[in-house]
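> coordinates only, sequence not included:
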C-alpha cells in the first residue's frame, strides 16, 4: 500500500510532455520543435550542447557542479532518429552520445530562460566563458 502512495505522488510531480508535432533541424545553429498543445521552441546548438543528457568527458567538475564552457560557437552537424521517442544530435565538437527525447526537448524549451540564466551564472562564478579558449 505504501508503494502505491509513492507511485501516485511521483506521477503528480512528473508531468508528461504533450505529443511532438514537428521537429526541424536548422543545422548548424538550432533545433525547432512544436508540440500538440501549441508550444513551440527554438533551441540553440549551444543550449542543447550544454544541456546534453549524456555524460561527457569535456565536462569540468568544479566544486561538485558539472560545467561545460566554451561552447558558444558549437554547431549541430546532424540528427539521427532513435526509435519513435527522440534523436541523437551530432555536434561539431565531436559530442554525439546524447539522446534527446521529445519529453526532454519539451522540458528544455519550457525552462529555457531559467536554465540559460543559471548556466551563465555558474560560468561567471568559476571565471569561465561561453567562448572557446583564445576566442572572445
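On my side now, so go ahead. Since we're looking at a predicted model, the values are computed, not measured. Numbers count the residues shown, from 1 in each chain.

> Name all residues that make contact with residue 47.
Applying Cβ atoms under 8 Å, 6 or more residues apart in numbering, we find residue 47 in contact with 108, 112, 115-116. All C-beta spots, glycine's among them, are computed from the backbone N, C-alpha and C.

> Which ones among these lie within helices?
Secondary structure from DSSP state H places 108, 112, 115-116 of the contacts of residue 47 in helices.

> Between those residues, identify the one with the most neighbours.
When neighbours are counted by other Cβ atoms under 10 Å, residue 108 leads the ones in helices among the contacts of residue 47 with 20 neighbours.

> What separation is there between it and residue 132?
Residue 108 is 23 Å from residue 132, where distance means Cβ to Cβ, to the nearest Å.

> again, but for residue 48
With Cβ to Cβ as the criterion, residue 48 and residue 132 are 17 Å apart.

> Give me the more crowded residue out of these two.
residue 48 (23 against 14).

> Name the SS class of the more buried one, please.
What DSSP: H, G, I helix; E, B strand; the rest coil gives for residue 48 is helix.

> Go ahead and confirm it touches residue 88.
No. Using Cβ atoms under 8 Å, residue 48 is not in contact with residue 88; the gap is 11.6 Å.
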